[in-house]
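[1] build me a model from this:
(one chain, ligands or ions: 2)
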Amino acid sequence: MDVAALLFGHSKALYSTWIFYKPDHLLIDCGEGAATSLGNGGFAIERVLLTHGHIDHISGLPSLLWSRAAGMGDTEKPLEIYYPRDDMFVADMQLYLERTATRLPFALRWIPLDAGDTFALTANHQPTGSATGQPKQSGARGGRRVVTFPTRHIRGRLTLGYKVVETRRRLKPEYAGLTQEEISTRARTEGRQSVQSLTEEYEATLVAFSGDTLPVESQVVQGAELLLHEATIVDAGERKHQWHATLDEAVAVASTVRPKALVLYHISGRYRTVDIADATCQSAVRHKIDFPIWCLYRDRLMQFWNGEPGPPASHSTKAEPRTGTRQVETKRRRGRSFQQNADAKSKEKSPKE
Ligand SMILES: [Zn+2]
Ligand SMILES: [Zn+2]
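    Ligands and ions are numbered 1, 2, ... in the order given. Below is the predicted model of the structure:
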């Protein structure tokens, strides 16, 4: 699974988290810097899914709206912002934006959600100035929809994770052994309807985003092909009052879910990249992980574990990638960033989350 082809973003606990999921034009949370980094790419966003109202997840909303209102793009393209119902911090942000952004050229809808809610990912916006003049196909995009699930992050408050799911068909278990040739033969001799009867519908989870939370219940995200789980702290001893997951807890959840790839994010800025890579490899060995593990740390999406069989991590120098692992950094559109340079130089101290 080429994770870098599916998403990019920025994530550093306490400061800012936002992730753009390309296939469905979703922005998961909107921490500061989202609009700055996205530039005119911000016009691609159709929906913002807020996991909760902590400032590192919503502080990018004002500049996202301003840039959509005045940037070089389809300024009439509607935007929907989904959020956990009764989140008072989101309510405060909404109030601020309604007072200050009174003349937005696009329709802005705020949509509260409860745990277990579902909505279709319709693509029903007609871009202004369309070359073809043909309306875009309306209705659910590929039948896909978003399903929310409850997370554990703020005592007594609703916080949400999000899944993108779609209905697919597969062979019923009793026909699972049929070869493609046997199915083709059956279609020819008995008709396509007969082949249809061999199959059943099932719900596939394409991606699941944990949001900020203690480790998610694995059954809630079971079957997710791509799992993004927060991993704020490396050492459980560093957890005080916060309701966040450790890196090892996130990997443990994934070891049960068995996705095609795991992305760890919302990692504290107190760690050096090399220490995160080290901890990832140790957890991967401990939990016998046979799928790739990536980390979205600041603006870098890096693969620290390739999931292929190989000698266990018994390496001496932390700075060198290990046998059985590889460190792949995705290509950045604008080259090496200041943050990357800074990150390479020093271990940053950050205040407590
Ligand atoms: Zn956070
Ligand atoms: Zn939070």
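
[2] what's near enough to touch the most centrally placed residue in the chain?
    If you average the C-alpha coordinates of the chain and look for the closest C-alpha using CA atoms, centre = their mean, you land on F209, 4.6 Å from that point. Applying CB atoms under 8 Å, 6 or more residues apart in numbering, one finds that F209 lies in contact with I19, Y21, I28, L49, T51, G161, Y162, K163, L228. For the C-beta atoms, the positions are set from N, CA and C on the backbone; glycine is no exception.

[3] how about H153?
    T51, H52, T159, G211, D212, T213, L214, W243, H244.

[4] please apply the same query to Y297.
    If a contact means CB under 8 Å, 6+ apart, then Y297 has S11, K12, Y265, I267, T273, I276 as its contacts.

[5] quick one: the fourth one and L108, what's the gap?
    This points to I267. With the distance defined as CB to CB, to the nearest Å, I267 ends up 32 Å from L108.

[6] so the two - more neighbours on which side?
    Counting neighbours by other CB atoms under 10 Å for I267 and for L108 shows that I267 has the greater number, 25 against 16.

[7] which SS class is that one?
    Per DSSP: H, G, I helix; E, B strand; the rest coil, the secondary structure class of I267 is coil.

[8] going forward can the numbers begin at 409, since that is how I track them
    Renumbered: residue one is now 409, and that last one reads I675.

[9] what sits against it?
    I675 neighbours (CB under 8 Å, 6+ apart): S419, K420, A421, A639, T640, V642, L655, I684, C703, Y705.

[10] quick one: pLDDT of it?
    We note a pLDDT of 98 for I675 in this prediction.

[11] equivalent analysis for A477, please.
    As predicted, A477 sits at a pLDDT of 95.

[12] wait, it touches T510, no?
    No - taking CB atoms under 8 Å as the definition, A477 is not a contact partner of T510, at 10.8 Å.

[13] so which of the two has more stuff around it?
    A side-by-side neighbour count of A477 and T510, using other CB under 10 Å, places A477 first with 15 against 7.

[14] name the element the more buried one belongs to?
    Taking DSSP states H and E as the definition, A477 sits inside helix 469-478.

[15] which helices and strands sit right next to that helix?
    Helices and strands touching helix 469-478, as assessed by 3 or more CB pairs under 8 Å, 6 or more residues apart in numbering; DSSP states H and E, comprise helix 442-446, strand 487-492, helix 496-508.

[16] up against ligand 2, what does the stretch 609-758 of the chain have?
    Applying the criterion CB under 5 Å from the ion, the portion of the stretch 609-758 of the chain that neighbours ligand 2 consists of D620.

[17] secondary structure class of the residue of the chain most remote from its centre, three-state.
    Relative to the C-alpha centroid of the chain, counting by CA atoms, centre = their mean, T597 is the outermost residue, at 45.1 Å. Assigned with three-state DSSP, T597 falls in the helix class.

[18] ligand 1 versus that one, what's the distance?
    Note on T597: its distance to ligand 1, by CB to the ion, to the nearest Å, is 58 Å.

[19] what does Q604 give?
    46 Å.

[20] what about that residue, neighbour count?
    The local packing of Q604 (other CB under 10 Å) involves 10 other residues.

[21] with Q588 as the reference, measure out to it.
    Distance check for Q604 against Q588: by CB to CB, it reads 16 Å.

[22] swap in D686?
    Relative to Q588, and taking CB to CB, D686 is found at 44 Å.

[23] which of those two has more neighbours?
    D686 (19 against 7).

[24] sec struct for the more buried one, please.
    The three-state assignment at D686 reads helix, by three-state DSSP.

[25] just the pLDDT for it.
    Note for D686: predicted pLDDT of 96.

[26] mind checking which of the helices and strands packed on helix 469-478 is nearest R552?
    Judged by CB to CB, the one of these that comes nearest to R552 is strand 487-492, at 14.9 Å.

[27] just the mean pLDDT for that closest one, thanks.
    Per-residue pLDDT values across strand 487-492 average out to 98.

[28] tell me the strands beside that strand, with direction?
    Based on DSSP bridges, the strands next to strand 487-492 in the sheet, each with its direction, are strand 455-457 (parallel), strand 516-521 (parallel).

[29] tell me if that strand is near ligand 2.
    No - contact of strand 487-492 with ligand 2 is not found when judged by CB under 5 Å from the ion; the minimum separation is 11.4 Å.
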